[in-house]
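K.L.:
Make a model of this:
(chains A, B and C, ligands or ions: 1)
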Amino acid sequence: MRVSFFITCLGDIFYANAGKSAVELLERLGCEVDFPPTQTCCGQPAYNSGYHKETLEVAKHMVEVFEHADYVVGISGSCVYMIHEYVHLFEDGSNWQKRAKALKRKTYELTQFIVDVLGIEDVGASYHGTATYHTSCHMTRLLGVKEAPFRLLENVKGLRLIDLPNRNDCCGFGGTFSVKMASISEQMVDEKVQHIEETEADLLLGADGSCLMNIGGRITRQGKPIEVKHIAEILNSRGEE
Amino acid sequence: MKGSIMNRDRFLTNIRTKIGGLTASQPVEKPVWTVSPQKKVLKDYTPDQLVEVLEEQCQHIHTDFFRTSSNSLEKTLDEVLNHYGAKSVIYSNDERFVSYQLNPYFESSLSTGREIYRWNEKDKETSISFAEKADVGLTFSDMTLAESGTIVLFNKKGQGRSVSLLPRDYIAIVPKSTIVPRMTQATSYVQEMVDNGEDIASCINFITGPSNSADIEMKLVVGVHGPIRAAYIIVDDK
Amino acid sequence: MPMHIGEKDFRKRVSKGISDDYMRGAVRSAQERLQNRRAAAAEELGDWEEWRTLGQQIRSHTIEHLDYYLHQLSDKVAELGGHVFFAETGEEANEYIKQVIQKKNAKKIAKSKSMVTEEISMNAALEEIGCEVIETDLGEYILQIDDHDPPSHIVAPALHKNKEQIRDVFKERLNYKKTEHPEELALFAREKLREEFLAADVGITGCNFAVAESGSFALVTNEGNARMVTALPNTQITVMGMERIVPGWEELDIVVSLLTRAAVGQKLTSYITALTGPKQAEEADGPEEFHLVIVDNGRSKILGTEFQEALHCIRCAACINVCPVYRHVGGHAYGSIYPGPIGAVLSPLLSDYDEYKELPYASSLCGACTEVCPVKIPLHEQLIMHRRKIVEDEKKSTLAERVAMRGFEQIVHSANLYRTATKMAPFLTTPFAKNNRITKGPGPLRNWTDIRDLPQPANERFRDWFKKRNKQGGAI
Ligand code: SF4
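P.N.:
Next up, the predicted model:
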């Protein structure tokens, strides 16, 4: 199966490790992975801020970049959802919209792709530790991927997964919300960190770099001894820790 | 006497231009909705199963539940009234009190020191002032919704609005045949009357247990403006 | 603006909310209860999604043909002997209500809960002509007694107060002598308000839903105050927002079932009262005279726009009860009697962006609201539409943001520029980094790093790794 990998901008700059793990994992599961180097950010920051003309340009570019892919697999539920949203940016019935629809049909978030397309729930990973998992809002509510990450994590040998209380609550990232409404965002992320601490897990996992950057940034600021990792890193582990 | 309608044309023309609506003379066809989950609720339940659902629901709505036969209705009612310490009772002017032979009981109550008053739609003042001080308001249910534990009263004529509202406690006598699955059956019944051009009651009350409020810290307090306690007496049909 | 409440400045309102520990405690526990009850009620049905679909279909059909259904409703009401007044503005509505009251020479008005009368400041208008208006919903009553403290929630208006605060208000204003137990507080209010109901000349109600085909109104309550208000006074005035209507009784069934479950997790509330016209000749109780006031007050501006779905709202507050922003800032921070997600969508529409420009941004777009809305209003998408409008149509965004977004588009659009920019990231941020973390970011990063650390961008980007690896020939 040929997969075109979508790293997302935060992944490219801050979470290269998550990207590497995802690529290795996909290859291990039998996929042939390529990386279209002209890919950029998905445009979500502009879209959610109301700059839809600007987003449209980005969308066109991304539609072209991935036009020839069989599958597009990204490591952020939120960014994958943004690609799905392109459809609504273009005029109804236009050729661009048709192309955006085609892209939507073949674009998946990593865990969703593994479970729904590859049909695999046990990726053969092992990792010794106690973790809790943050369900990102866009991935669960908008993209509708609720179960896949849990299916996969439950099968990781040695991993003890603890339920995160109030797991459906937003972490307070929200793109520009995190800086525009910083004081509210702070309350939200504090509440999230508090719930994470209640689990007494030493590792926080998530499938979205933006949430992890937010929560992780708050955790280190408060000097809490909790490690933060992208789910791909654990699924690619072979018991080295 | 027909009432007046003021400012309508200007108001509706504005709306029409905004939504690109039809002209006022053209009737709108109500579409057939693609789903109807309401019709599946408690579908095919037997009358006895519906009674069970109702009984269970009464626990959730803080309502006392009693079941009796038509022959023992008088006895059960007496027990419930005693239990509630009812010294004064107002009941609606409803034929069914006669057909269930409760009149002799009401008459004999006087000698036991219990004051009983039948709602008199021709005497508003006395009726309301009695209801306002009464310990118990007593009515028959016109329709009963098992799912929600609801008494439906078509308040008109002798079925006064205040009987089930002003007294301290409320007791509904529920003939088993009045029990239907849910609100859907009651609203269809009304809809049918509307479709046939019949008048519907000026006030239709759906009463589910005693009055309550959660306005203080979202904690449920039973008995705010309406009755503080409620009881349903399910009775086999006469 | 009558809809507006509290301090003018949004930021001040937010900080006030965040620092009010009492309020936050009260809101947190209220949200938790209401959320759980709603979720349990939805789950119990088993096919909640189907119910929502039906609710959405009913609401969107009705609003698409609002003119027709309002016409039918008014015809019916008049046929039954009621009077109907269409009011384009709040002032028009208040004028009419004043006239009715003056004609009756009425002094004492008992009122049950109604958001639209809050919206048009009806109480103040009636007090001006010497009337005493008594709020009879327990929550509203508490607020009225407390110097007209504004409501902070559309279903539970006094949700921001805890029981000790309520006890103190009663003590100070009404000479209350008992404890803070809700039962005792409620019993006290019951006794106080009983007298008022019996003495009131006019009853004023809101309207949860009007039924066009029969000219009926449904009032959904738990306390029974709306029943009192419509059974005892001789004159009844019902004030409704023009969108609160359904075609027939079968539709009433659905919207009521959705409302009670979504709002409080009840299958039905204690009282659903459906009123049709004034009382009939052979009835003792009920109003002799009935007036219906249908209020636009900015709603028609929304029709035919991308925000039309906001008019589908059935005011259940489910979106408010799950909103994390509301949880932390409280209802008053929104500066509108309509708080939470629906408030953030509706307030700028009913008023304007000058007054409420921040509200569409007071959301992390987490979508919790959209997920619970019983009539499937895409609330978070409506907030994005507001942002688009503010930026592209109203041109009200800041210059800095416009420049940044323009730059963003150019960088992102050109793959080369994008590659350069991502490559530059580590060099630009290195001077600010310590232990691979940036704790005091420069310029626009400041707002981020005031609260949290930023990871130091890796020297080797993902794309560099991938390229290198491919050169070396496949997997490492
Ligand atoms: S927008 Fe939806 S969830 Fe919010 S109050 Fe209205 S109907 Fe309820």
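K.L.:
Can you tell me the element residue 205 falls in?
P.N.:
Since no chain was named, I'll use chain A. Secondary structure assigned from DSSP states H and E places A:Leu205 in strand A:203-206.
K.L.:
nope, chain B please
P.N.:
Per DSSP H and E: strand B:203-207 holds B:Asn205.
K.L.:
can you tell me if the helix or strand of chain A with the lowest mean pLDDT touches chain C.
P.N.:
Here the helix or strand of chain A ranked lowest by mean pLDDT, DSSP states H and E is helix A:9-13, holding a mean of 88. Yes: with C-beta under 8 Å from any C-beta of the partner chain as the threshold, helix A:9-13 lies in contact with chain C, specifically through A:Cys9, A:Gly11, A:Asp12, A:Ile13. All C-beta atoms are positioned from the backbone trio N, CA, C, and that covers glycine.
K.L.:
any idea of the pLDDT on C:Ala475?
P.N.:
In the predicted model, C:Ala475 carries a pLDDT score of 50.
K.L.:
picking up where we left off before, buried ones in the least confident helix or strand of chain A?
P.N.:
Buried residues in helix A:9-13, counted by 16 or more other C-beta atoms under 10 Å in any protein chain shown: A:Cys9, A:Leu10, A:Gly11, A:Asp12, A:Ile13.
K.L.:
With stretch B:64-74 instead?
P.N.:
Neighbour-count burial for stretch B:64-74, with 16+ other C-beta under 10 Å as criterion, is recorded at B:Asp64, B:Phe65, B:Phe66, B:Arg67, B:Thr68, B:Leu73, B:Glu74.
K.L.:
can you give me the mean pLDDT across the strand holding B:Asn205?
P.N.:
Within the predicted structure, the mean pLDDT of strand B:203-207 is 97.
K.L.:
for stretch B:104-114, same thing?
P.N.:
Along stretch B:104-114, the predicted confidence averages to a pLDDT of 86.
K.L.:
mind checking the end-to-end distance for it?
P.N.:
When the termini of stretch B:104-114 are compared using C-alpha to C-alpha, to the nearest Å, they are 14 Å apart.
K.L.:
now swap in stretch C:263-277 and tell me
P.N.:
Stretch C:263-277: ends 28 Å apart by C-alpha to C-alpha.
K.L.:
Just put the residues of helix A:9-13 next to chain C in TSV and tack on distance to A:Ala232.
P.N.:
Formatted as TSV, the entries for the residues of helix A:9-13 next to chain C read as follows, by distance: C-beta to C-beta, whole Å:
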residue	distance to A:Ala232
A:Cys9	17
A:Gly11	10
A:Asp12	14
A:Ile13	16
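K.L.:
from the residues you listed, which is closest to C:Glu44?
P.N.:
Closest to C:Glu44 out of these is A:Gly11 (41.4 Å), distances taken as C-beta to C-beta.
K.L.:
dump the residue contacts of the closest one.
P.N.:
A:Ala18, A:Gly19, A:Ile75, A:Ser76, A:Gly209, C:Phe462 (C-beta atoms under 8 Å, 6 or more residues apart in numbering or on different chains).
K.L.:
what does A:Met82 give?
P.N.:
The contact partners of A:Met82, by C-beta under 8 Å, 6+ apart, come to A:Cys42, A:Gly43, A:Gln44, A:Tyr47.
K.L.:
do that again at 6 Å, thanks
P.N.:
For A:Met82, the set of contacting residues under the criterion of C-beta atoms under 6 Å, 6 or more residues apart in numbering or on different chains consists of A:Cys42, A:Gln44.
K.L.:
Which secondary structure element is home to it?
P.N.:
helix A:77-89.
K.L.:
and that helix, how far out from the chain's middle?
P.N.:
The chain centroid and the centroid of helix A:77-89 are separated by 13 Å, computed with C-alpha atoms, centre = their mean, to the nearest Å.
K.L.:
do the same with stretch B:167-177
P.N.:
In terms of C-alpha atoms, centre = their mean, the centre of stretch B:167-177 is set 9 Å apart from its chain centre.
K.L.:
can you check stretch C:419-436 too?
P.N.:
Once both centres are worked out by C-alpha atoms, centre = their mean, stretch C:419-436 turns out to sit 44 Å from its chain's centre.
K.L.:
Can you give the contact residues for it?
P.N.:
When contacts are defined by C-beta under 6 Å, 6+ apart, stretch C:419-436 is touched by residues A:Asp12, A:Ile13, C:Ile411, C:Ile438, C:Gln456, C:Pro457, C:Asn459, C:Arg461.
K.L.:
doesn't C:Ala458 make contact with the first one?
P.N.:
No: contact between A:Asp12 and C:Ala458 fails when scored by C-beta atoms under 6 Å: they sit 9.3 Å apart.
K.L.:
pLDDT weak spots in chain B?
P.N.:
B:21-25 (pLDDT under 70).
K.L.:
mind listing the strands for it?
P.N.:
In chain B, strands defined by DSSP state E lie at B:5-6, B:63-68, B:88-91, B:115-118, B:136-140, B:143-145, B:150-155, B:169-175, B:179-180, B:203-207, B:212-213, B:221-222, B:229-235, listed in chain order.
K.L.:
Take the ones you listed and write them to CSV, including distance to A:Glu54.
P.N.:
Formatted as CSV, the strands of chain B follow (distance: least, C-beta to C-beta, whole Å):
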stretch, distance to A:Glu54
strand B:5-6, 50
strand B:63-68, 60
strand B:88-91, 71
strand B:115-118, 75
strand B:136-140, 66
strand B:143-145, 55
strand B:150-155, 55
strand B:169-175, 63
strand B:179-180, 58
strand B:203-207, 53
strand B:212-213, 51
strand B:221-222, 54
strand B:229-235, 61
